[in-house]
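**Student:** Generate a structure from the sequence data that follows.
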Amino acid sequence: MGKERSTERSEYLVLTATKQREADGAAERAGVARERLMEAAGSGAADWILERLGRPKTLVLVGPGGNGGDGLVLARRMAAAGAEVEALIAAPEERLSDLTRLMHERLVESGGRAKFIEGGIDPDRIPEGAELIVDSLFGTGMNRPLGGVYRDLVGAANASDASVVSLDLPSGLPSDSGAIIGEAVRADVTLAMEFLKPAHLLFPSSSYCGDVAVVPIDYPEGALKRIDPFARVLTGSGARDLLPQRRPDGHKGTFGRLLVVAGSTGMSGAAILCCRGALCAGAGLVTLAVPESLLPIVEASLPEAVTIPLPEEDGHLAPNPLKRLAPALSRADAVAIGPGLSRGDGVKEAVASVLSSHHGPYVIDADAIAALADPDILSRIAGRAVLTPHPGELSGLIDLSTDEIDRDRVEVARRFAADNNIVLLLKGRPTVIAIPGGGLYLNPTGNTGLATGGSGDVLTGLIGGFLAGGAPLGDAALLGAYLHGLAAELYARDRSERSLTPSDLVDALPYAIREVERWS
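**Tutor:** Predicted coordinates:
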């Protein structure tokens, strides 16, 4: 997540507040007391800060519940390490939970500084002199707008020049959605305790979280087996494990043959970008089939691909391309179809004929998606396709508007994938990857540089290249989304994300893949 990614786990679970409570209860039944979980959470957060930020002068804002208890543990551990720390407790002692009261007692017994707030608060005075504010007011239990002293403290934290680290979740955010329900902390870093929450990944709440890092807590492995997560998040380590292996004695046939059907007059660039993405994924042989008038353009721009001229009508694919495509279809390990095809009268018919003539995996994007409005065609590719629509394109296949899809993109994607036995990669922030029988993932990588025409064509090529190389449908979709976003992040490290072009994205892909290959 953000600048902090796992180097050990293949994925993180995303839990709602209810599922978090289930996990805590399961851990307790397995013999791990809640006190031990709280000590682990606060200590892990303190270690993260000490390792990366040193020993800043720290103000810890403490709430009455478990999140506040985590903050009090953190204060004790940081003070023991030599940091100047003060805990400001925003509730009377009698209102503290039993565990939080215990952690307050331990802090005081260790010589730590803590004081209870009484009366009104001057927001401009609270963070005075602090270099770091740790927000541990509220965690996953928030479901109504903050008021009173809590709202004042949040306003003070947001107005301060100090860095702000939130524990588990910025105070004021509901954990289970992307909604903003009132005043909330705008964190520079959020330290999630073992599990991510929907608010870390969904918009607009994720924009309040800053960089998100996961603090590991040793929940008993068996305690989590029955927890059904809201979603999962792939890590760099997980992406490395999904990369198709490359045999030292391999050849172009070993590494897969991808057929790309793409392009129309004015949209030759989409076909080229798609093929370049596939080549970066390691496809051994990429064959590009385009309307015949585009042949001079694509051959001049893409010497690495074999080309097939297809019959056309006014620059668009003609209805029956199979006579020329049949040999390539019979040899292809995977087919990528859609980028830049446009929506000429014969295009849907041509797409339908291609989707009925290849019995291997597909990645279907852009204008080819419109052909799937026919239920018969959709059923023909069940179990063999990755579909990569944005919400507007998905809206053409289901009885929901674009706005309705965006409001509930996770559940919409989950339902569509299950109902149609198709891997659905729903573009947007976050990109949702729903795998029938294999769970639902939220992609953690990417930035606004991807919001430009042509970046999706690169993604289609990446996925197609991985499919041709032997990756299962879900793995190819997860890898494509992760590396696509990581390439955009790598570009933005030295340059502006607003300046990212799809060609820049392709140029950054080898560095993203190298980073994942070397993940340890």
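**Student:** Domain ranges for this structure, per the record?
**Tutor:** Domain assignment for the chain by automatic domain parsing gives 13-229, 251-517.
**Student:** how about CSV for those, with mean neighbour count added?
**Tutor:** For the C-beta atoms, the positions are set from N, CA and C on the backbone; glycine is no exception. Output for those, formatted as CSV (neighbours: other C-beta atoms under 10 Å):
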stretch, mean neighbour count
domain 13-229, 20
domain 251-517, 21
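**Student:** Least confident of those, on average?
**Tutor:** Across the domains of the chain, domain 13-229 has the smallest mean pLDDT, namely a mean of 93.
**Student:** chain center to that one, what's the gap?
**Tutor:** 23 Å (C-alpha atoms, centre = their mean, to the nearest Å).
**Student:** And that domain, end to end?
**Tutor:** End-to-end distance for domain 13-229, by C-alpha to C-alpha, to the nearest Å: 6 Å.
**Student:** Let me see the ranges of the strands in the stretch 51-200 of the chain.
**Tutor:** Assigned by DSSP state E, counting those that start in this stretch, the stretch 51-200 of the chain shows strands spanning 58-62, 85-89, 113-116, 132-136, 163-167, 189-193.
**Student:** For Glu404, list the residues it contacts.
**Tutor:** By C-beta atoms under 8 Å, 6 or more residues apart in numbering, the contact list for Glu404 reads Val412.
**Student:** Now it: phi and psi?
**Tutor:** Glu404 has phi and psi values of phi -70, psi -40 when expressed as degrees, to the nearest 10.
**Student:** could you dump the domains of the chain to JSON lines with distance to Leu243?
**Tutor:** Listed next are these as JSON lines, based on distance: least, C-beta to C-beta, whole Å:
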{"stretch": "domain 13-229", "distance to Leu243": "22"}
{"stretch": "domain 251-517", "distance to Leu243": "7"}
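**Student:** Spatially central residue for this protein, please.
**Tutor:** For the chain, the residue nearest the mean C-alpha position is Asn443 (2.0 Å; C-alpha atoms, centre = their mean).
**Student:** could you list every residue that touches that residue?
**Tutor:** Neighbours of Asn443 in contact, by C-beta under 8 Å, 6+ apart: Val233, Leu234, Pro430, Thr431, Val432, Ile433, Leu478, Ala481, Tyr482, Gly485.
**Student:** let's go with 6 Å and repeat that
**Tutor:** Residues near Asn443 by C-beta atoms under 6 Å, 6 or more residues apart in numbering: Pro430, Thr431, Ala481.
**Student:** Also Ala332?
**Tutor:** Contacts for Ala332 (C-beta under 6 Å, 6+ apart) come out as Arg257, Leu259.
**Student:** list the contacts for Ala281?
**Tutor:** Ala281 touches Leu462, Gly465, Phe466, counting by C-beta under 6 Å, 6+ apart.
**Student:** now the residues you listed as a markdown table including secondary structure and distance to Ala305?
**Tutor:** Shown next, in a markdown table, are these (DSSP: H, G, I helix; E, B strand; the rest coil; distance: C-beta to C-beta, whole Å):
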| residue | secondary structure | distance to Ala305 |
| --- | --- | --- |
| Leu462 | helix | 15 |
| Gly465 | helix | 12 |
| Phe466 | helix | 17 |
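**Student:** Of these, just say which sits nearest to Gly383.
**Tutor:** Gly383 has its nearest neighbour among these in Phe466, at 17.4 Å by C-beta to C-beta.
**Student:** Do I have it right that that closest one meets Ala476?
**Tutor:** Yes - assessed by C-beta atoms under 6 Å, Phe466 is found in contact with Ala476 at 3.9 Å.
**Student:** on that earlier part again, I'd like the contacts of Ala281 laid out as TSV, including distance to His390.
**Tutor:** Output for those, formatted as TSV (distance: C-beta to C-beta, whole Å):
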residue	distance to His390
Leu462	16
Gly465	21
Phe466	21
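**Student:** So which residues make contact with the longest helix seen in the chain?
**Tutor:** Ordering each helix of the chain by length in residues (DSSP state H) puts helix 473-494 first. By C-beta under 6 Å, 6+ apart, the residues outside helix 473-494 that reach it are 234, 239, 242, 386, 423, 425, 431, 433, 435, 438, 443, 445-447, 449-450, 459, 462-463, 466-467, 500, 504-505, 508-509, 511-513.
**Student:** Sitting in strands, which of those do you find?
**Tutor:** By the criterion of DSSP state E, membership of the contacts of helix 473-494 in strands covers Leu234, Val386, Val423, Leu425, Ile433, Ile435.
**Student:** now, the most widely separated pair of those?
**Tutor:** Counting by C-beta to C-beta, the most remote pair of the ones in strands among the contacts of helix 473-494 is Leu234 and Val386, 15.2 Å apart.
**Student:** Regarding Ala40, what is its secondary structure?
**Tutor:** Put simply, Ala40 is helix when judged by DSSP: H, G, I helix; E, B strand; the rest coil.
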